[in-house]
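> Okay, sequence plus prediction incoming.
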Amino acid sequence: MARRLDEDYDYLFKIVLIGDSGVGKSNLLSRFTRNEFCLESKSTIGVEFATRTLQVDGKTIKAQIWDTAGQERYRAITSAYYRGALGAILVYDVTKPITFENVSRWLKELRDHADANIVIMLIGNKTDLKHLRAVSTEDAQGYAEREGLSYIETSALDATNVESAFHLILSEIHRIISKKSLPSSESATSVKEGTTLVVGPQDGAGKRACCSGS
């Protein structure tokens with residue numbers, strides 16, 4: 001019965017998580033989908049995804065969140081990884097300036113591979129480490145405004161703004177979808193009857209171990 005209820009949704013939205021290794025992408029994923037956090041997290045190998053069904057603007061949305069390794073050796077998966085994604089969350093670590101500097105490279109890759117109309121959100125993660133902050137909110141907000149991105153700061157550890165971030169991007173995707181009739185080529189991962197591309201072996205898809213990612 002639980003499985004049937006889980007499949008009762010109005011839209012399926014695929015969202016990809018991108019950013020350097022170690023910025024907290026996998027813990028954002030596990031916090032949002034399972035309300036879990038693991039301090040002993042390890043780098044994601046290849047691709048994993050998890051789902052959560054929730055109410056957004058009066059509709060039942062099934063969010064399919066994909067998490068990929070930030071390491072260079074897994075970059076060959078990019079074109080397939082981005083295919084069908086309606087939203088992207090670009091994550092950096094507020095305590096590590098290099099991860100913020102690399103945001104531009106990730107954004108270029110995203111715009112090279114993803115649909116031109118993809119909704120993009122920039123997240124500054126690990127705000128719980130206040131004494132270690134090295135990237136100011138003002139700098140990140142300014143960058144996001146220049147690039148036309150929404151911006152929010154989060155902590156996967158203490159759950160600050162994690163729900164808000166995902167709700168905001170899902171709401172924006174739904175607002176855009178609601179305003180236009182989707183061509184059939186775009187409907188694959190956005191409507192209930194669609195199919196979803198799976199990259200790589202499925203054994204690890206939606207893996208529930210909390211220590212599975214960065």
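Received it, and whenever you're ready, just let me know what you need.
> what's the average pLDDT for the strand or helix carrying residue 51?
Secondary structure from DSSP states H and E places residue 51 in strand 47-56. The pLDDT scores in strand 47-56 average 87.
> As a check, name the ranges of all helices in this structure.
2-6, 25-34, 78-82, 97-101, 103-113, 137-147, 162-179 (DSSP state H).
> closest one to residue 67 among those?
helix 25-34 (4.9 Å; Cβ to Cβ). Bear in mind the C-beta positions are built from the backbone N, C-alpha and C, glycine included.
> residues of the closest one that come out buried?
25-33 (16 or more other Cβ atoms under 10 Å).
> The strand holding residue 51 - contacts with which helices or strands?
helix 25-34, strand 59-68, helix 162-179 (3 or more Cβ pairs under 8 Å, 6 or more residues apart in numbering; DSSP states H and E).
> Give me whichever of those is most buried.
helix 25-34 (a mean of 25; mean count of other Cβ atoms under 10 Å).
> packing partners for that one?
By 3+ Cβ pairs under 8 Å, 6+ apart, helix 25-34 packs against strand 11-18, strand 47-56, strand 59-68, strand 87-93, helix 162-179.
> Quick one: low-confidence residue ranges for this protein.
Low-confidence segments of the chain, defined by pLDDT under 70: 1-7, 40-46, 69-78, 181-214.
> returning to that earlier point: which among the helices and strands packed on helix 25-34 is found nearest to residue 130?
Using Cβ to Cβ, the nearest of these to residue 130 is strand 87-93, at 13.3 Å.
> what's the closest one packed up against?
strand 11-18, helix 25-34, helix 97-101, helix 103-113, strand 119-125, helix 162-179.
> That strand to helix 103-113, inter-axis angle?
Computed by axes from the mean of the first three to the mean of the last three Cα atoms, to 10 degrees, the angle separating strand 87-93 from helix 103-113 equals 160 degrees.
> contacts for strand 87-93?
13-20, 22-25, 28, 82, 99-100, 102-103, 106-107, 110, 114, 118-126, 135, 140, 149, 165, 169-170, 172-173 (Cβ atoms under 8 Å, 6 or more residues apart in numbering).
> Paired strands for it, with orientation please.
strand 11-18 (parallel), strand 119-125 (parallel) (DSSP bridges).
> Can you name the residues in contact with the shortest one?
Surrounding strand 119-125, the residues in contact under the criterion Cβ under 8 Å, 6+ apart are 23-24, 28, 86-94, 100, 103, 107, 110, 135, 137, 140, 143-144, 147-156, 165, 168-169, 172-173, 176.
> Dump it to PDB, restricted to CA.
The C-alpha coordinates for strand 119-125 follow below in PDB (Å, rounded to 0.1, in the frame of the first residue of the first chain):
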ATOM      1  CA  VAL A 119      16.100  26.200 -13.000                       C
ATOM      2  CA  ILE A 120      19.400  26.800 -11.100                       C
ATOM      3  CA  MET A 121      19.900  27.400  -7.400                       C
ATOM      4  CA  LEU A 122      23.200  28.300  -5.800                       C
ATOM      5  CA  ILE A 123      23.600  26.900  -2.200                       C
ATOM      6  CA  GLY A 124      26.300  27.900   0.300                       C
ATOM      7  CA  ASN A 125      26.400  24.900   2.600                       C
END
